[in-house]
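Asker: Next comes the sequence, and after it the predicted model I'd like to discuss.
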Amino acid sequence: MADRIFVWSLDTISGDGTGQGPSYVLDQDYALPGKVRLYAKRAPGYNSLRVDIKADGVSIFNAAIRSASASVPSLQKGQQLEEDWDSFLDSIRRLDRYSVLTCDVLDSGGASGITVSLELEAAVSSGAEQAS
C-alpha cells in the first residue's frame, strides 16, 4: 500500500502540455519504483495519451530520456485506464525530500478529463542516517 499518492487532475490541457496542474514539494524521501495510474474520462481518439512526471525537472521514466514512445505512462487510442504503470528510470531509486514533482502531457491524443496519480512508499532510512 502506498504511503503517499500525488494526483494531477486535468480537465483540459493548456499551452504546450508542460507543467500541467499542481507542483508538489516532497515532505520526505520516497522510494522508487512506485506505481502510476492514468485515467481519461474521454479516451484518446486520434493518438496515444502520453504523460511524463518530473522530479526537479528530470523525468522519472526511461522514455522521456530516450524518446521511446512506449516507455512513459500512456493510454492507447480508445483506452480509458492504465492501472499499474511501474517502469521507472533505473538510475533513480529515490526521490529526495524537497524535490518538486510536476506533470507534463507529451501528447493528449484528444483525451480530456485526465487524471494522473503517482503512488510512492516512504524511503527506509538506515540506522546510520537516523543517528545523524
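Answerer: It's in. All of these numbers come straight from a predicted model, not from anything done at the bench.
Asker: could you list every residue that touches the residue nearest to residue 107 when sequence neighbours are not counted?
Answerer: Excluding the flanking residues, the one nearest residue 107 by CB to CB, 6 or more residues apart in numbering is residue 50, at 4.8 Å. (Glycine included, C-beta is placed from N, CA and C.) Residues in contact with residue 50 (CB atoms under 8 Å, 6 or more residues apart in numbering) are 69, 72-74, 105-107, 109.
Asker: Any quick ChimeraX command for the buried ones out of the residues you listed?
Answerer: To isolate the buried members of these in ChimeraX, using 16 or more other CB atoms under 10 Å:
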select :72,73,74,105,106,107,109
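Asker: Report the central residue of this protein.
Answerer: In the chain, the C-alpha nearest the mean C-alpha coordinate belongs to residue 53, at 3.7 Å (CA atoms, centre = their mean).
Asker: following the lengthiest strand in the chain, which helix or strand comes up?
Answerer: The strand that spans the most residues within the chain, counting by DSSP state E, is strand 30-42. Going down the chain from strand 30-42, the next helix or strand is strand 49-55, by DSSP states H and E.
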